[in-house]
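> Please find the sequence and the predicted model below.
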Amino acid sequence: MTATAVAVPVTRAGGSRQLAGTGTLLRLALRRDRIMIPVWVLVIGGSFMSVAQSFSALYDTAAERADVARSMTTNSSVRALYGPVFSDSLGGLTSWRMVGFGAALAAVMSLVVVVRHTREEEETGRQEMLSSAMVGRRAPLTGALLTALTANAALALVITAVVANYARTTDGTGGGPGGGPGAGGGDGQLAGALALGLATAAVGMLFACTAAIAAQITENARLAKGMTAGVIGAAYVLKAAGDASSDSGSSVLTWLSPLGWAENVRAFADERWWVLLIPLGSIAVQAVIAYTLAGRRDIGMSFLPARPGPAHGGLGTAGALAWRLQRGGVLGWGAGFLLAGLIFGSITGGAAELVGDNEQAREIFERMGGRQGLTDSFLAAMTGMLGMVAALYVVSSVLRLYGEETGGRAEPVLAGPVGRLRWAAGHLLIAFGGAVLIMLLGGLGLSLGYGQDLPGILGASLVQIPAIWVLGALVVLLYGVFPRAAVAGWAVAGLALALGWLGPALDLPRWAMNLSPFGHLPKLPGAEMTWPPVLVLTAVAAALTAAGLAGLRRRDLLT
């Protein structure tokens, strides 16, 4: 499908009609997202709080904070992950650890919100119904961007509140790298926390506008999300490359990345408020482009036409069709895991140096990766983290079944000589088999970056597979039996990720950690391989998948 090339003339009266119904659509969007947005805000804000709490417990003196700031800034591999440290105050360390990660999460939240209320509405046909009433051409886009603005404003308030609260309880006057007036005093702590919150929210809104543009030029929500996610990934790579080459955040590559702009606000270290003008200017430019494109196409149309398939294609089976639909995601995740493994592996050799004599930091690594040697604990923690992130891939891949069904694309396939189980099996093979592939690539990258122990690291990566499959199988069960609740699989995977990432730092009790299937796996490499939990988790995954497929076979298709 191609976009309509003729723009609708806009008169003075017509300009106001273009936004008619914006308030109603905004209220509708906020009502639909009354659970999703608060969860996003609380999870991201809770991540900032947990990091501040962990640093407060790990490094409770100014001397310890100064030491960790120096060691992190001089390690180029660590800078590639988190950036340079500009202040050794508690707030400065929290900003160092979270500004890039938190801004990326805000960007993902924003792209989900905007695409959900623009391109997804058009795909499902709801936007066409709404537009038949008194709804202006640009009202849906405006409502989506205002919803994203509301979410990011709430996130900025939460980050400001939690970081300022923890920063006030700790002596933040340390004169570490970049430390200055913004690093100490009650007003300085509030200013630093506000700068951190605004920088995170500004990046979120910037990518909300990027998603708005992608929603205008692509033909479906999947492509819009993928395009925006690719831009976020490129921004992270630029920031990582720039930070690795410079310990002051002054690299050209860092300044080319929106995540680098958030870093260079330098919260808690003589805040550079003027840097916020850069994302604000980018937001304004992208918003103009998005509104211009929205006025030049019909509902359901796109500026990037769909490519026709080959005259004699190889889509003769349900599995081939599933691979054609999901190959981009598999290859993208695989490349990302290989790169992440290389980065994590490159800093493995310095794990002992990074932890030093800090017993609390050592205990956290041991809770994450087991009580074997520190290097093995670090490798086990990294393979576990890759496994928990891979669970997000499995959830998204399984939910492709739900998207195909609700988008009306499954019904024509099932009208032919293709049964439901064979159709679903094609997608599940990509989901579960793809998880094995990306974990192998992640383990390969980890081993190459570390420079040794390929069999042990690959084995540790494969041990994560049963836990990943359990989470994917739970989504299969929800989709097959309670299809409208299938998206709750994201919450389950998010809970597992939060338990694995934050649980060791917060020293959660064993029963809480065991709520995640990853909590039952042996901590490889280094620990003894125990087969019973691996076999049990595999059996649970098989049972959940079978129950989900049985439900799919018996229920009616969604309409």
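Here it is on my side, so go on.
> Would you map the helices across the stretch 101-250 of the chain?
119-124, 126-131, 139-168, 186-217, 221-245 (DSSP state H, counting those that start in this stretch).
> now the angle from the last one to helix 186-217?
For helix 221-245 and helix 186-217, the angle between their directions (axes from the mean of the first three to the mean of the last three CA atoms, to 10 degrees) works out to 140 degrees.
> What helices and strands are in contact with the following helix or strand past helix 221-245?
Following helix 221-245 in sequence order, the next helix or strand is helix 252-255 (DSSP states H and E). Other helices and strands packing on helix 252-255, by 3 or more CB pairs under 8 Å, 6 or more residues apart in numbering; DSSP states H and E, are helix 221-245, helix 258-264. The way it works is simple: take the backbone N, C-alpha and C, and place the C-beta from them, glycine included.
> ok so, going back, pick the most deeply packed of the helices of the stretch 101-250 of the chain.
helix 186-217 (a mean of 26; mean count of other CB atoms under 10 Å).
> And it, what does it pack against?
By 3+ CB pairs under 8 Å, 6+ apart, helix 186-217 packs against helix 90-116, helix 139-168, helix 221-245, helix 258-264, helix 277-294.
> Confidence-wise, which of these is weakest overall?
In terms of mean pLDDT, the lowest-scoring of the helices and strands packed on helix 186-217 is helix 221-245 (a mean of 82).
> any idea how far that helix is from the chain center?
11 Å (CA atoms, centre = their mean, to the nearest Å).
> Buried residues, stretch 429-437. List them.
430-432, 434-437 (16 or more other CB atoms under 10 Å).
> Distance to residue 444 and pLDDT added to these, as JSON lines?
Formatted as JSON lines, the buried residues of stretch 429-437 follow (distance: CB to CB, whole Å; pLDDT from 0 to 100):
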{"residue": "430", "distance to residue 444": "20", "pLDDT": "94"}
{"residue": "431", "distance to residue 444": "21", "pLDDT": "95"}
{"residue": "432", "distance to residue 444": "19", "pLDDT": "96"}
{"residue": "434", "distance to residue 444": "15", "pLDDT": "94"}
{"residue": "435", "distance to residue 444": "15", "pLDDT": "95"}
{"residue": "436", "distance to residue 444": "12", "pLDDT": "96"}
{"residue": "437", "distance to residue 444": "11", "pLDDT": "95"}
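> from these, which ones fall inside helices?
Under the assignment DSSP state H, the buried residues of stretch 429-437 contribute 430-432, 434-437 to helices.
> for those, which one is nearest residue 56?
residue 435 (36.4 Å; CB to CB).
> residues contacting the closest one?
When contacts are counted by CB atoms under 8 Å, 6 or more residues apart in numbering, residue 435 touches 390, 393-394, 465, 468-469, 472.
> residues in contact with the spatially closest residue to residue 141 that is not a sequence neighbour?
Leaving aside its sequence neighbours, residue 141 sits nearest to residue 294 (CB to CB, 6 or more residues apart in numbering; 5.0 Å). Taking CB under 8 Å, 6+ apart as the criterion, residue 294 is in contact with 137-138, 141, 216.
> Please report how far residue 294 lies from residue 21.
Shown here: residue 294 relative to residue 21, a distance of 14 Å by CB to CB, to the nearest Å.
> Of the contacts of residue 435, grab the buried ones for ChimeraX.
A single ChimeraX command is used to select the members of these judged buried by 16+ other CB under 10 Å:
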select :390,393,394,465,468,469,472
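> Point out the ones among the contacts of residue 435 that are inside helices.
390, 393-394, 465, 468-469, 472.
> which residue packs closest to residue 142, ignoring adjacent ones?
Closest residue to residue 142 apart from its sequence neighbours, by CB to CB, 6+ apart: residue 22 at 4.7 Å.
> list the contacts for the residue lying closest to residue 513 once chain neighbours are set aside?
Distance criterion CB to CB, 6+ apart; nearest residue to residue 513, sequence neighbours excluded, is residue 519 at 4.2 Å. The contact partners of residue 519, taken as CB under 8 Å, 6+ apart, are 499-500, 513.
> related to what we said a few turns ago, what's the lowest-pLDDT member of the contacts of residue 294?
In terms of pLDDT, residue 137 ranks lowest among the contacts of residue 294, with 77.
> Identify the residue nearest that residue in space, chain neighbours excluded?
Nearest to residue 137 is residue 18, by CB to CB, 6+ apart, at 5.1 Å.
> before we move on, the earlier item: could I get the buried residues of stretch 429-437 as CSV with distance to residue 62?
Output for those, formatted as CSV (distance: CB to CB, whole Å):
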residue, distance to residue 62
430, 52
431, 49
432, 50
434, 48
435, 45
436, 47
437, 47
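> so which of those residues comes closest to residue 251?
Nearest to residue 251 among the buried residues of stretch 429-437, with distances taken as CB to CB, is residue 437, at 33.5 Å.
> for that closest one, what are its contacts?
Applying CB under 8 Å, 6+ apart, the residues near residue 437 are 330, 334.
> Kindly recompute the last result at 6 Å.
Residue 437 makes contact with residue 334 under the criterion CB atoms under 6 Å, 6 or more residues apart in numbering.
> What separation is there between it and residue 258?
In terms of CB to CB, residue 437 sits 31 Å off from residue 258.
> swap in residue 436?
Taking CB to CB, one finds residue 436 at 34 Å from residue 258.
> Likewise for residue 103?
Distance from residue 103 to residue 258, by CB to CB: 8 Å.
> Those two - which one has more neighbours?
Per other CB atoms under 10 Å, whichever of residue 103 and residue 258 has more neighbours is residue 103, with 32 against 25.
> looking at it, that one is touching residue 202, isn't it?
No. Taking CB atoms under 6 Å as the definition, residue 103 is not a contact partner of residue 202, at 8.3 Å.
> low-confidence ranges in the stretch 1-150 of the chain?
1-16, 75-78, 127, 131-133 (pLDDT under 70).
> picking up where we left off before, closest to residue 341 out of the buried residues of stretch 429-437?
Distances from residue 341 to these, taken as CB to CB, are shortest for residue 437 (13.0 Å).
> Next, count neighbours for residue 520.
Number of residues near residue 520 (other CB under 10 Å) recorded here: 17.
> Could you find the closest non-adjacent residue to it?
Residue 520's closest residue in space is residue 533 (CB to CB, 6+ apart), at 4.3 Å.
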